[in-house]
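Participant: Need a 3D model of the following:
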Amino acid sequence: MGERPATHNQQPPDRTSHPRRIAIIGGGPGGLYAAALLKRLDPTRDITVWERNAPDDTFGFGVVLSDETLGGIEHADPVVYEALRQHFTRWDDIDIVHRGTRHTSGGHGFAALGRRRLLEILHARCRSLGVELRFRTEAPYPEWLAETYDLVIAADGVYSTTREAYAQEFRPRLTNHRCRYLWLAADFAFDAFRFEIVETGHGVMQLHGYPYAADASTVIVEMREEVWRAAGFDETTADVPASVDRCAKIFADALGGRPLRANRSAWTTFRTVVNDHWSYGNVVLLGDAAHTAHFSIGSGTKLAVEDALALAACLEERPTLAEALAAYEEERRPVVASTQRAARASLEWFENLPLYLDQPPRQFAFNLLTRSRRVTHDNLRLRDPHFTAAVEREFGCPPATPPMFTPFRLRGLTLRNRVVVSPMDMYSATDGVPGDFHLVHLGARALGGAGLVMSEMVCVSAGGRITPGCAGLYTDRQAEVWQRIAAFVHSQAPGTALGIQLGHSGRKGSTKLMWEAVYGAEPLEEGNWPLVAASPIPYGPGSQTPQELTLTQLGTIREQFTAAARRAARADFDLLELHCAHGYLLSGFLSPLTNHRTDAYGGPLAARLRFPLEVFDAVREVWPEDRPMAVRISATDWADGGTTAEDGVAIARAFVAHGADAIDVSTGQVVADERPEYGRSYQTPFADRIRHETGTPVIAVGAISSWDDVNSLILAGRTDLCALARPHLYDPNWTLHAAAEQGYEGPGAVWPAPYRAGSRRPRTGRTDDPKPRLTLGS
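Facilitator: Residues are numbered from 1 along each chain as shown. A predicted model of the protein is given here:
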């Protein structure tokens with residue numbers, strides 16, 4: 001930052017939403033476009049942009065913009081849009097080169113231009129409108145600018161000094177990731193967006209390349225930190241030309257032997273920026289200063305330009321500056337959060353690229369294309385039906401069969417499709433005895449077409465219930481009712497498997513029914529029963545403190561699990577799942593946050609696994625040999641010091657070694673102060689990693705809601721089965737309706753005979769309007 005000048009503003013800053021004097025820190029695309037928009041909306045405004053670099057200095061080469069962003073630019077400033085349009089390079093294809101095989105997918109639609117050209121266009125537009133551009137000039141201190149100007153827009157990038165100056169107010173969270181990358185260019189145009197994977201003696205390296213002019217392409221070389229060091233790039237960080245030459249040799253096939261060139265390039269790691277607040281007083285963050293999204297989904301400049309559009313609109317629409325800045329953040333935050341989730345998924349896919357190298361070539365390509373979850377099976381089928389059909393054939397889909405309706409085998413059980421009704425506690429039993437509600441609830445979902453319907457967590461003892469309404473399997477009466485439910489499912493929904501989940505509440509027991517509690521696991525007001533757990537640690541501030549289990553009590557609980565398993569086998573359940581997740585008893589042994597024991601059942605992970613594995617072994621011994629057993633785990637605690645993703649893989653691997661046929665991969669709910677990173681199918685990456693690192697089948701669960709997501713996850717090889725909970729509460733016939741909506745009729749989705757008349761989607765309006773037949777000349 002520059003020196004703090006003397007205050008020369010004769011008027012106090014204007015706190016209306018139509019600020020007259022505006023300071024913009026940073027002359028990148030976002031800051032420049034904000035300046036042009038605000039000046040165009042009110043030519044009397046005094047707008048100054050400070051940029052520390054020269055006008056023709058820039059980092060990187062090409063910029064990719066979406067049709068949506070371009071539409072916003074065209075509407076807001078046709079002059080800028082027309083100037084951009086004249087320089088765009090457009091293309092439709094994506095090439096993926098993996099082990100010498102290139103797969104091309106079309107229909108994607110990209111537009112790019114040189115970053116320097118973009119800046120020239122924005123410079124010219126700002127000057128023509130009367131914006132003052134100060135190049136090679138450090139901006140004054142933000143505090144002075146805030147005192148002097150009506151509005152300060154901090155568009156000073158990922159390393160924003162403004163954000164740092166107001167860190168206590170913006171509360172930034174910065175995350176550096178695990179790959180190193182180098183931003184370069186080549187003097188020829190790729191004919192597609194190109195991803196090239198090279199396996200070297202040091203590890204996997206990848207190239208991201210796309211054209212931005214008729215004779216130029218952006219080339220980004222990326223690899224894991226340990227690969228970068230093993231290859232010796234860390235020893236030549238000061239010698240960028242040497243790195244550039246070496247990268248050109250590594251990717252000589254992709255480049256056709258052509259050289260690469262740098263532009264202020266340096267090896268760096270990507271930094272994700274998140275801020276709890278985007279404005280403070282009359283200072284507001286924009287673009288990378290507020291948020292970043294990984295370059296693999298090409299959204300940095302796009303987000304900055306969209307920020308500028310939204311900020312200008314909110315300043316016009318709102319009566320005060322405070323309301324305008326609040327509206328700007330309210331409008332942009334969900335969009336940015338969604339983009340950052342997609343970018344994070346893409347970033348982590350490339351970080352974990354070695355996991356996928358042995359996939360069949362077309363599945364690998366499909367996996368890469370759908371990595372961010374922005375591209376899905378259904379829209380890829382529309383963009384490029386021939387490519388998608390080829391992936392489906394390689395996967396083994398019969399003709400006209402979506403991936404979700406392919407069968408899957410676990411031990412002696414063959415599921416007719418990949419859909420699982422996830423275990424959902426209904427809290428509707430009396431003294432642990434399921435009732436007619438359970439018959440209707442589970443029966444309806446079985447009739448609804450899912451391949452596997454899971455019970456709620458069925459408790460192995462009265463003291464192991466979560467609430468007084470939880471179902472159990474510790475008496476013969478309970479077993480009789482469960483047998484009635486299983487008989488209904490098997491007779492009325494043949495082909496649907498019924499699974500039981502066995503568990504013990506541990507320290508999360510003796511609580512109110514879910515809909516009676518004001519917050520989470522709220523203790524009963526009366527009628528409590530004593531709790532037991534791995535260690536005497538209460539779940540929450542108002543929770544009961546459990547007793548630490550003695551060795552004798554551990555033996556008793558182990559026997560309770562085996563007794564329940566025997567009853568489940570006699571009741572004719574097809575699959576048994578051991579609940580070792582969500583902070584219940586067995587999960588409580590696994591997490592270091594809930595297991596502080598000093599005996600053989602506490603300490604390192606191998607010791608914390610001891611009791612859950614003993615229970616698994618005991619249950620597996622009494623569970624019929626031909627019937628599969630699964631284990632549900634929390635693959636992370638979402639809390640500092642708790643179970644990590646690496647621990648989740650080790651836990652899964654331990655159960656697989658003891659005979660688990662599948663791992664049901666959930667996360668969290670272990671400690672009350674967790675911080676989950678929610679989002680669409682947010683737990684799937686944990687299932688994906690466990691599947692590829694252990695080689696065992698997995699069930700993905702968590703915010704999977706559409707049949708398109710299920711098809712995408714299955715076909716990409718990220719999971720084997722998808723468990724859906726709330727969608728099945730909304731629609732018991734979710735699976736059959738998914739088949740109808742996709743036009744699928746086959747063995748993977750069989751309508752019960754009484755329901756067949758409803759197997760086609762009802763019409764919702766007239767479709768018999770006359771179609772135009774003739775075109776008449778004037």
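Participant: Which parts of the stretch 401-550 of the chain are strands?
Facilitator: 408-410, 413-415, 419-421, 452-459, 497-503, 532-533, 547-548 (DSSP state E, counting those that start in this stretch).
Participant: which of these is buried the deepest?
Facilitator: Using mean count of other C-beta atoms under 10 Å, the stretch among the strands of the stretch 401-550 of the chain with the largest mean neighbour count is strand 419-421, at a mean of 29. All C-beta atoms are positioned from the backbone trio N, CA, C, and that covers glycine.
Participant: sorry, back to before: turn the strands of the stretch 401-550 of the chain into a markdown table, columns for distance to Ile153.
Facilitator: Below are the strands of the stretch 401-550 of the chain laid out as a markdown table (distance: least, C-beta to C-beta, whole Å):
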| stretch | distance to Ile153 |
| --- | --- |
| strand 408-410 | 54 |
| strand 413-415 | 55 |
| strand 419-421 | 49 |
| strand 452-459 | 52 |
| strand 497-503 | 53 |
| strand 532-533 | 53 |
| strand 547-548 | 57 |
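Participant: To Ala565, which of those strands lies closest?
Facilitator: Among those, the nearest to Ala565 by C-beta to C-beta is strand 497-503 (6.6 Å).
Participant: Tell me which strands that closest one pairs with, and in which orientation.
Facilitator: Applying DSSP bridges, strand 497-503 is found paired with strand 452-459 (parallel), strand 575-580 (parallel).
Participant: So Ile632: helix, strand or coil?
Facilitator: Check again: residue 632 is Arg, not Ile. In three-state terms, and counting by DSSP: H, G, I helix; E, B strand; the rest coil, Arg632 is strand.
Participant: Tell me the pLDDT of the nearest residue in space to Trp751 that is not next to it in sequence.
Facilitator: Sequence neighbours aside, Ser759 is the residue nearest to Trp751 in space, at 4.6 Å (criterion: C-beta to C-beta, 6 or more residues apart in numbering). Confidence at Ser759, expressed as pLDDT, is 86.
Participant: isn't there a strand covering Val79?
Facilitator: No. Counting by three-state DSSP, Val79 is not part of a strand but helix.
Participant: how much space is there between it and Arg85?
Facilitator: To Arg85, Val79 is 11 Å away according to C-beta to C-beta, to the nearest Å.
Participant: Point out the one among the strands of the stretch 401-550 of the chain that comes closest to Leu129.
Facilitator: So among the strands of the stretch 401-550 of the chain, strand 419-421 is nearest, using C-beta to C-beta, at 56.6 Å.
Participant: okay, now the closest residue to Glu169 other than its chain neighbours: neighbour count?
Facilitator: Of all residues not flanking Glu169 in the chain, Tyr280 sits nearest, at 3.9 Å (C-beta to C-beta, 6+ apart). For Tyr280, the neighbour count with other C-beta atoms under 10 Å is 20.
Participant: Tell me how far Tyr280 lies from Trp50.
Facilitator: Taking C-beta to C-beta as the criterion, Tyr280 is separated from Trp50 by 19 Å.
Participant: still on that earlier bit, can you redo the strands paired with strand 497-503 as a markdown table, where the extra columns are mean pLDDT and distance to Asp307?
Facilitator: Conversion of the strands paired with strand 497-503 to a markdown table gives the following (pLDDT from 0 to 100; distance: least, C-beta to C-beta, whole Å):
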| stretch | mean pLDDT | distance to Asp307 |
| --- | --- | --- |
| strand 452-459 | 98 | 44 |
| strand 575-580 | 98 | 44 |
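Participant: quick one: which of the ones you listed is nearest Leu37?
Facilitator: Comparing the strands paired with strand 497-503 by C-beta to C-beta, strand 452-459 comes nearest, at 53.2 Å.
Participant: Could you tell me how far that closest one lies from the centre of the chain?
Facilitator: Put simply, strand 452-459 sits 26 Å off its chain's centre (C-alpha atoms, centre = their mean, to the nearest Å).
Participant: Repeat that for stretch 541-554.
Facilitator: 36 Å.
Participant: end-to-end on it?
Facilitator: 26 Å (C-alpha to C-alpha, to the nearest Å).
Participant: can you check stretch 197-204 too?
Facilitator: One end of stretch 197-204 sits 7 Å from the other (C-alpha to C-alpha).
Participant: And stretch 520-531, by the same measure?
Facilitator: Using C-alpha to C-alpha, the end-to-end distance of stretch 520-531 comes to 17 Å.
Participant: What of stretch 419-430?
Facilitator: 30 Å.
Participant: before we move on, what about stretch 720-729?
Facilitator: Taking C-alpha to C-alpha, stretch 720-729 runs 22 Å from one end to the other.
Participant: Just the buried residues of it, please?
Facilitator: 720-725, 727-728 (16 or more other C-beta atoms under 10 Å).
Participant: for stretch 319-329, same thing?
Facilitator: By 16+ other C-beta under 10 Å, the buried positions in stretch 319-329 come out as 321, 324-325, 327-329.
Participant: could I have it exported to CSV, CA atoms only?
Facilitator: Taking Å, rounded to 0.1, in the frame of the first residue of the first chain, the C-alpha atoms of stretch 319-329 are listed here in CSV:
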residue,chain,number,x,y,z
PRO,A,319,-32.1,3.5,-0.9
THR,A,320,-29.0,3.4,1.3
LEU,A,321,-25.4,2.2,0.9
ALA,A,322,-25.8,-0.3,3.8
GLU,A,323,-28.9,-1.9,2.2
ALA,A,324,-27.2,-2.0,-1.2
LEU,A,325,-24.1,-3.8,0.1
ALA,A,326,-26.2,-6.2,2.1
ALA,A,327,-28.3,-6.9,-1.0
TYR,A,328,-25.2,-7.5,-3.1
GLU,A,329,-23.9,-10.0,-0.6
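Participant: Assumed Ile153 was part of a strand.
Facilitator: Yes. Counting by three-state DSSP, Ile153 is part of a strand.
Participant: Who is it paired with across the strands?
Facilitator: Under the criterion used here (DSSP bridges), Ile153 is bridged to Ile24, Val284.
Participant: quick revisit: close enough to count as contact, the residue nearest to Trp751 and Ala749?
Facilitator: No. The pair Ser759 / Ala749 is not scored as a contact, 9.1 Å apart, by C-beta atoms under 8 Å.
Participant: Looking at the two, which has the bigger crowd around it?
Facilitator: Ala749 (27 against 15).
Participant: what helix or strand does the nearest residue in space to the more buried one that is not next to it in sequence sit in?
Facilitator: Among residues not flanking Ala749 along the chain, Ala739 sits closest, at 3.6 Å (C-beta to C-beta, 6+ apart). Using DSSP states H and E, the element containing Ala739 is helix 734-741.
Participant: Need the contact partners of that helix.
Facilitator: Helix 734-741 has contacts (C-beta atoms under 8 Å, 6 or more residues apart in numbering) with 404-405, 417, 419, 448-451, 707, 710, 724, 727-728, 731, 745, 748-749, 751, 755, 759-761.
Participant: can you rerun that using 7 Å?
Facilitator: Residues from elsewhere that reach helix 734-741 (C-beta atoms under 7 Å, 6 or more residues apart in numbering): 405, 417, 419, 448-450, 707, 724, 727-728, 731, 749, 751, 759-761.
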